[in-house]
Structure formats: structure tokens, C-alpha cells
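Novice: Next come a sequence and a model predicted from it.
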2 protein chains.
Amino acid sequence: MSVSIAVAAKHANIAPSTVWSSGPALEADARPGFELSGVVMHFAAERQIYAEGDDARSFYKVVSGVVRTCRFLSDGRRQIDGFHMEGDVFGFEAGADHRLSAEAVSECTVIAYRRRGLESMVFHDDRLGNWFFSHAMTSLAAAREHSLLLGRGSAAQKIAAFLQEIAQREGSDNTIELPMSRQDIADYLGLTIETVSRTLSQLERDGTIALPTARRVLLKDRRALRSLTV
Amino acid sequence: MSVSIAVAAKHANIAPSTVWSSGPALEADARPGFELSGVVMHFAAERQIYAEGDDARSFYKVVSGVVRTCRFLSDGRRQIDGFHMEGDVFGFEAGADHRLSAEAVSECTVIAYRRRGLESMVFHDDRLGNWFFSHAMTSLAAAREHSLLLGRGSAAQKIAAFLQEIAQREGSDNTIELPMSRQDIADYLGLTIETVSRTLSQLERDGTIALPTARRVLLKDRRALRSLTV
DNA sequence: CGAATACTTGATGAGACTCAAGCGCCGTGG
DNA sequence: CCACGGCGCTTGAGTCTCATCAAGTATTCG
């Protein structure tokens, strides 16, 4: 059984500037694509997509740009849970509301999918259910990997793992374009901005990487980088 | 549609000392119980239930005792991903093999359920699918919470959060019985055994907790404990 | 009772945080 | 064209927390 949801035009209050794609069945991407219709939305860099505690009426897929999901601590600090790049789905929650905030790292475009009725539906459509289940399990594995990194690991290990993660996701040939600021990296790795900067400088001095510009990283010695990994 | 799997008695090679319950359909527990038959197994404290990399032929439910899931790092250190108590399910993997090891913290009894064919089946049985999906999402939330704790948080914050987590899971009235060693706690929180010990002592000096014995904790001032939490 | 194990406590040092400048890149405006 | 801020990043100096190394105490078990 295959299901297609018609998205009610209720999101209109989000922003008059949002672009609509109310047509049926959106494309498949690499993964089993879902046959859901969604709403295309644009966000400027640093804009909030949803806040912690908001009703989780929708979940999202990144079309272009980068999104971060994060949480703010009582002392004002921020923990970034993950970065979401093209094709990634984020904001899919078990409960009624979002447990994390989502913000645009760079200018970005996302598709918002209505969640209403999804739970009951998911389990009647093989592909859909399969997709969401596998998404949940993949996220779980990623979260555990992140825990591992945060719990153990020196600053150098964290940075090395981070660079390799980004390199892999960008599918890049030893050149990384960092879409996020040093502060974002720090909040993702549980470090301070100064330590991130110092560690990158040290890696450059060691000849492991090069930093032609602050946001561009050249992986000069991937073996050395790998050897830092836990 | 509701499905019931007959578990073949193939687990016989696990250990001659394991106790068997080859009977059919095991009970439901509080959650939507599954109509799966499983194999009851006993483990002495510190015994391995499965290892990282093992075929994930089965997943498990704790009947009594406590289990830890963990990973060993190249430098010999250990990161504990979670503790599993009565009723908890662990070892359910997306992929073909276990990404973590599982070990008995105390003497324990678990039920092993065959996983074979579960993926395809899960999506045809509402309750079953629902249960597993919700289990995955709950685990995900827990993993994120754990990340948050590990990434930020001083030793005191970690210990405070840990004590509250255990208290909640034991449903206890201000008295906690710690089933795990200081080393286990350290490996769970990304600390050393000495820091765990010192921090507990400090909390006792502050009057926040009392330690009648090493493994028994009295929460004397839950407000103070909570105020340490992120 | 003795030995092993688990936990606590102390002294010291390394690594990361904090506070504080300093640099470099850009966009703005003179 | 250059001066001027503003912002993000880097670098430095001092401090603090937690890890490490090393005893010392308590508890369990044979």
C-alpha cells in the first residue's frame, strides 16, 4: 500500500515568502523516496526553523544549504546535536514536540512534510515504514558515535573525527568547505572556540592539514588524521 | 495482522550453562508486549552477552539484573553507552551485526528473541511495528540526552544527572542502590574512577547526598541535585 | 585471618577554559 | 582610493578542572 498525503495550506503563516510545491509525490532521492507532498521553505543564515518545545507538526528534508539541530542550556551555552546537509532529514520526533531547535547554518532550502497521521500510516506502507525505521536506526547509530566522541577524545581527536566526518559527507577529494563557524564546531564537539582554533592551527603546523582560508581545509595527511581517531 | 514467530532452538551453541525456556509465546510487559517466543538466558556478573561485531541474530529483554552496552576503544578504554534494567530491550540493531558489546553488570536473566525476518514482518503488524519504532525513537532521545551530558557538563553535573537518572529508573524514594561499580559509572560519564569517587564524596560533604555504603546513595537534597543539572 | 578487590584520598601535572589582545577580511562611507 | 568599524578568527597568559600516579582504607571472599 502506498500513501500520499495532501498537505493542507496551513503553513501559510510561516512566511509569505515561502515557496510552495503543493504537487503530489515528491521525488525520490538516493534513499527510498517518500511519496509525500511537502512545502518548500527558504531560510536566511542563522534563522531559526523551529524551536525546542515547538509542536512537531512537521519534519524536514534539506534541499540545499546546511541546518543545525541544537539545544540551549540554562547557562546560555549551546550544544549542537548535528549538522544536516543536502538530502538529510531532521526534526522527526517520537513525541508531540521538538526536543531540539533547528537553525539555518547557511542560507538554505528545506521541504517541510506534515507529520499528522504519519505514525498510523507508516506501519501500513512497507517502503515508508521501512524508510522511517531505518532513518531512526541510522540516527541512533550516529548519536551513539557522537556520544563516544564527546565522552572520550581529546580536542585533537574530536577535531580529527569532525574533519573526517565532513569530508565523507561532502564526498570531497581532500578539500573541505566548512559551512559552519568555529563557534558551531565548538558547540558540536563540546569545546571552546579558542580550542578549536588552536587545534586546527596545531594540525596545520604538523602538516596534517592546510588552511588556505579559515573556512577551507585541505586534508594533507589523511593517514595521520585517521590515526588520531578513537 | 498479528504475527507470532516460532523460535528455532538454534541458540544451543551459546553456552552449555545457559538455562533454557523453550516454551512458546512469552508474556507482554507494560508496553505493547510482543508475541514472540524467546529464550531465557542467565549470565553471571561481568559475563559477556555478545561482543561488538557479533552477528545480530537476536535482541534481548532484561528480566532481572542489569546489563551494560559498551564499546572498547583502541587505547583499551571503555565507553558505556547505557545501562539496561528490568523490562528494557537492548541489542536491537539496524545492520547485520552488533555495534556495541553487551555485558552483565550484575547476575542477570534476559530473554533472547530471534531477529530473523523481523524487519519484513515489523511493517505488517501494527503493534509490533509501533513498538519497535517507538523503541528506536526512545533510544534515540536517550542517546541525545547522553550526548548533551557528555559534551557539556562538569563532573558534578554528570554525577548529579546520573544519580537522578538512576533514581527515576529505580522509582525509588530517595534511596538508590547502585548496581554498577565506580568504574562502570566513570565509563558511562566519560570520567575517571577517581573523579567519580571524589565528586560523590564532595556531594556528601555538601549534604546533597549520603553514602551509607559505597553502593547505596541517599538523595538528601533533590533540589540541590536538580540545580546542578544542565 | 589473609588476600584480593573496590573504593577513597592525596599530590602533581597536563589539557582545556577564561580573559584579553591582536590580526585579517570585508563592506561601508568618506 | 583609503580610512574606519565590525566581525570572525587566531594567539597569548594565567587559571582551573580533571587525569594521572601513588598510597591508604574498607569490604568481600576464600
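Specialist: Structure received.

Novice: Span of stretch A:65-74 from start to end?
Specialist: 29 Å (Cα to Cα, to the nearest Å).

Novice: Stretch A:51-66 too?
Specialist: So stretch A:51-66: terminal residues 17 Å apart, Cα to Cα.

Novice: Which positions within it qualify as buried?
Specialist: Of all the residues in stretch A:51-66, those buried under the rule 16 or more other Cβ atoms under 10 Å in any protein chain shown are A:54, A:56-63, A:65-66. (Each C-beta comes from the backbone N, C-alpha and C, glycine too.)

Novice: Now do it, average pLDDT.
Specialist: For stretch A:51-66, the mean pLDDT works out to 96.

Novice: That stretch close to DNA strand D?
Specialist: No: figure legend: stretch A:51-66 not in contact with DNA strand D (Cβ under 7 Å from any atom of the strand); closest approach 13.3 Å.

Novice: near chain B, which residues of chain A?
Specialist: A:71, A:73-75, A:77, A:79, A:81, A:93-95, A:99-100, A:119, A:122-126, A:129-130, A:132-134, A:136-141, A:143-144, A:146-148, A:150-152, A:189-190, A:230 (Cβ under 8 Å from any Cβ of the partner chain).

Novice: filter the residues you listed to the buried ones?
Specialist: A:71, A:79, A:81, A:93-94, A:99-100, A:122-123, A:125-126, A:129-130, A:132-134, A:136-141, A:143-144, A:146-148, A:150-152, A:189-190, A:230.

Novice: Mind checking which of the buried residues of stretch A:51-66 land in helices?
Specialist: Among those, no residue falls in helices (DSSP state H).

Novice: could I get these as CSV with distance to A:E46?
Specialist: Formatted as CSV, the buried residues of stretch A:51-66 follow (distance: Cβ to Cβ, whole Å):
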residue, distance to A:E46
A:D54, 18
A:A56, 22
A:R57, 23
A:S58, 21
A:F59, 21
A:Y60, 17
A:K61, 20
A:V62, 16
A:V63, 18
A:G65, 12
A:V66, 12
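
Novice: from the residues you listed, which single one is nearest B:G87?
Specialist: Set against B:G87, the nearest of the buried residues of stretch A:51-66 by Cβ to Cβ is A:A56 (26.4 Å).

Novice: That closest one and B:G153, how far apart?
Specialist: Distance, A:A56 to B:G153, using Cβ to Cβ, to the nearest Å: 26 Å.

Novice: Also A:D81?
Specialist: 15 Å.

Novice: Show me where chain A has its strands.
Specialist: A:38-43, A:48-50, A:58-64, A:67-72, A:78-84, A:89-90, A:101-104, A:108-114, A:175-177, A:209-213, A:216-219 (DSSP state E).

Novice: Which parts of chain A are helices?
Specialist: Using DSSP H, helices in chain A cover A:118-122, A:126-151, A:155-170, A:182-189, A:193-205, A:222-228.

Novice: Save these as CSV, and put in mean pLDDT too.
Specialist: Converted to CSV, the helices of chain A look like this (pLDDT from 0 to 100):
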stretch, mean pLDDT
helix A:118-122, 60
helix A:126-151, 86
helix A:155-170, 96
helix A:182-189, 98
helix A:193-205, 98
helix A:222-228, 95
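
Novice: and B:F43, which of those is closest to it?
Specialist: helix A:126-151 (22.6 Å).

Novice: what's the angle from that closest one to helix B:155-170?
Specialist: 140 degrees (axes from the mean of the first three to the mean of the last three Cα atoms, to 10 degrees).

Novice: do helix A:126-151 and DNA strand D meet?
Specialist: No: counting by Cβ under 7 Å from any atom of the strand, DNA strand D has no neighbours in helix A:126-151; the shortest distance is 9.2 Å.

Novice: Same question for stretch A:223-230.
Specialist: No: judged by Cβ under 7 Å from any atom of the strand, stretch A:223-230 stays clear of DNA strand D, getting no closer than 13.4 Å.

Novice: Same check on stretch A:203-213?
Specialist: Yes: judged by Cβ under 7 Å from any atom of the strand, stretch A:203-213 comes into contact with DNA strand D at A:L211.

Novice: so what's A:K158 up against?
Specialist: A:K158 makes contacts with A:149-150, A:189-191, as judged by Cβ atoms under 8 Å, 6 or more residues apart in numbering or on different chains.

Novice: repeat for A:V110
Specialist: Counting by Cβ under 8 Å, 6+ apart, A:V110 has contacts A:40-41, A:43, A:49, A:60-63, A:65, A:67.

Novice: and the most centrally placed residue in chain A, what pLDDT?
Specialist: Against the mean C-alpha coordinate of chain A, by Cα atoms, centre = their mean, the closest residue is A:H84 at 1.8 Å. pLDDT, A:H84: 98.
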